[in-house]
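J.: I need the structure of the sequence given here:
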Amino acid sequence: MTTAKQVRSYLRNKPYLLEALEKDIVNLSELSRQIQNDLKTDNTVAIKAALRRFAEELQRHKQKREEKVLQILKRSGIVVYDRKSVIITAKEIAVKDGLKVDLPNKYVYLLDRADLPERISTLVKHDNCTMVVINSPEELEATVGVVAFLTTLLAEANVNIVEFVSCWTETIIVVEKKDSLKAYETLTNLVG
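T.: Modelled structure (predicted):
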């Protein structure tokens with residue numbers, strides 16, 4: 001296996017290094033020395049050259065991927081629904097409206113607060129939530145990186161996502177009420 005292939009294989013298992021290379025915020029000489037030690041080789045020059053080529057490739061791919069994601073999100077619409085609750089139960093409950101996800105040994109419900117059953121045993125309950133729905137063109141489904149882009153964007157704005165559902169052209173993001181304005185502003189600045 002060539003040094004370049006060894007370096008790529010090494011980096012594929014380290015997403016934090018891939019991100020640092022994509023953002024061009026890593027000292028290639030220092031990283032070359034670390035990889036040299038880990039791979040137990042003495043060809044630092046070849047490792048650094050492989051890193052430089054791989055970083056350039058990652059940056060080109062990231063730029064193309066982000067351009068595709070932004071093109072789709074610019075043609076998307078945002079709707080906000082307030083007064084939502086997320087409950088997680090061990091047993092299925094009867095509800096007339098809302099979203100239900102069956103998971104092994106538990107059920108996740110996204111409901112209007114007014115539609116919550118009075119007596120239920122919950123594992124987790126989030127009251128006073130806001131649901132942000134992004135409606136996108138159909139090519140959303142075949143576009144790599146949309147979910148990662150949105151979640152990273154909200155994380156950088158220090159918005160915690162309580163629940164996240166991606167269904168065909170709808171992306172449903174549930175946040176606590178206290179984060180709803182920040183989430184909305186962050187997403188509308190992107191969508192336009």
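
J.: from now on I want contacts and neighbour counts done on CA atoms only, so please keep to that.
T.: Will do.

J.: excluding chain neighbours, what is closest to Ile88?
T.: Val108 (4.5 Å; Cα to Cα, 6 or more residues apart in numbering).

J.: ok, what's across the strand from the one you found?
T.: Ile88, Val101 (DSSP bridges).

J.: ok, it to Lys178 distance?
T.: 22 Å (Cα to Cα, to the nearest Å).

J.: and these two? Which one has more around it.
T.: Val108 (21 against 12; other Cα atoms under 10 Å).

J.: so the more buried one touches Ile93, yeah?
T.: No - counting by Cα atoms under 8 Å, Val108 does not reach Ile93; the two are 10.2 Å apart.

J.: show me what contacts Val101?
T.: Residues counted as contacts of Val101 (Cα atoms under 8 Å, 6 or more residues apart in numbering) are Tyr107, Val108, Tyr109.

J.: my bad, Phe54
T.: Residues near Phe54 by Cα under 8 Å, 6+ apart: Arg8.

J.: please give the element, helix or strand, for it.
T.: Using DSSP states H and E, Phe54 sits in helix 44-74.

J.: gap between that helix and the chain center?
T.: 18 Å (Cα atoms, centre = their mean, to the nearest Å).

J.: show me which residues of it are buried.
T.: Buried positions in helix 44-74, judged by neighbour count with 16 or more other Cα atoms under 10 Å: 44, 46-51, 54-55, 58-59, 62, 65, 68-70, 72-73.

J.: same question, stretch 105-115
T.: Here stretch 105-115 shows Tyr107, Val108, Tyr109, Leu110, Leu111, Asp112, Arg113 as buried, counting by 16+ other Cα under 10 Å.

J.: same thing with stretch 77-95?
T.: Gly77, Ile78, Asp82, Lys84, Ser85, Val86, Ile87, Ile88, Thr89.

J.: sounds good, over and out.
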